[in-house]
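Student: this one's structure only:
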């Protein structure tokens, strides 16, 4: 089983607009609107569950918005273990135009107490089921200590689960120092952590190795239309991206992480190829809708993995 932890889940509203319609001070009428339960860990669990892989989402739930999140997850028949908290769950808004441009307005969320933080992690690791992977993801609510994901990693290791983290900044550094097995920053987040621009692929490899030196077991760096890089102490692999007409990038990174975890028992190369297919399928879907097998199938075979990439390739991350 794969268990995900999301300390700051959200209601994700997505509005699709004609290209060029977004303007400050104007009245905008979207061509399509959808609402999904969101938050990185929630999305990972949704994607896995929709593709028949046993998963569970452990998350905080606030007041009215929290009930809406729970209702949406129940509609997808996702195994959900909520921790009810005093604050309100956050609401995010994404504007996407037909040219593929995405504008996101992400709320901070409401503070949760140290006791609620400990309770959330305990809820994830005290399950009677055997946990293969404990995946802790996303932004932290205000006042929550930056070591939250690191605490979850330590708890996961105590039950002999593999651990994965998708977060940013100091929280990611602390997770590395806690010995996380896998992290998944995008190239911009990685650049922010090492505090320098990553201009070519060799720069990305070097930055990923710095996080491995801190304690991370392996790193997947997502680079948008340029694919992804996998780095461990013994292996460097580069995967090209599948060709896709983007509809929404919301949740695409979460879907790609789910795809990787779905095949990691088959080896890193196969997992990386599956990750590319799941990520591409998510980009082609509206809002933060997670792909199912019929969405993913057409993107398999479009990506290639090599252990001898062009290290001088200019990196854009777009």
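Tutor: Perfect, thanks for sending it. Model, not experiment: these values are computed from the prediction. Numbers count the residues shown, from 1 in each chain.

Student: how far does stretch 56-71 sit from the chain's center?
Tutor: Distance of stretch 56-71 from its chain centroid, counting by C-alpha atoms, centre = their mean, to the nearest Å, is 18 Å.

Student: gap between the two ends of that stretch?
Tutor: 15 Å (C-alpha to C-alpha, to the nearest Å).

Student: Find the centremost residue of the chain, please.
Tutor: The centroid of the chain falls nearest to residue 254 when counting by C-alpha atoms, centre = their mean (3.1 Å).

Student: quick one: buried residues of stretch 141-159?
Tutor: 141, 144, 147-157 (16 or more other C-beta atoms under 10 Å). For glycine as for every other residue, the C-beta is placed from the backbone atoms N, C-alpha and C.

Student: Could you list every helix and strand that the helix or strand harbouring the residue nearest to the centre of the chain packs against?
Tutor: Using DSSP states H and E, residue 254 sits within helix 252-263. Judged by 3 or more C-beta pairs under 8 Å, 6 or more residues apart in numbering; DSSP states H and E, helix 252-263 is in contact with helix 40-50, strand 133-137, strand 162-166, strand 218-222, helix 268-283.

Student: 6 Å - rerun?
Tutor: helix 40-50, helix 268-283 (3 or more C-beta pairs under 6 Å, 6 or more residues apart in numbering; DSSP states H and E).

Student: Average pLDDT for it, rounded please.
Tutor: Across helix 252-263, the average pLDDT comes to 97.

Student: pLDDT weak spots in the stretch 101-250 of the chain?
Tutor: Where the stretch 101-250 of the chain drops to pLDDT under 70, the residues are 128.

Student: Isn't residue 150 up against residue 176?
Tutor: No: taking contacts as C-beta atoms under 6 Å, residue 150 lies outside contact range of residue 176: 8.5 Å.

Student: ok, and what's touching the helix or strand hosting residue 33?
Tutor: Residue 33 is part of strand 32-38, with elements assigned from DSSP H and E. Strand 32-38 is contacted from outside by 10, 12, 13, 14, 15, 16, 69, 72, 73, 286, 287, 288, using C-beta atoms under 6 Å, 6 or more residues apart in numbering.
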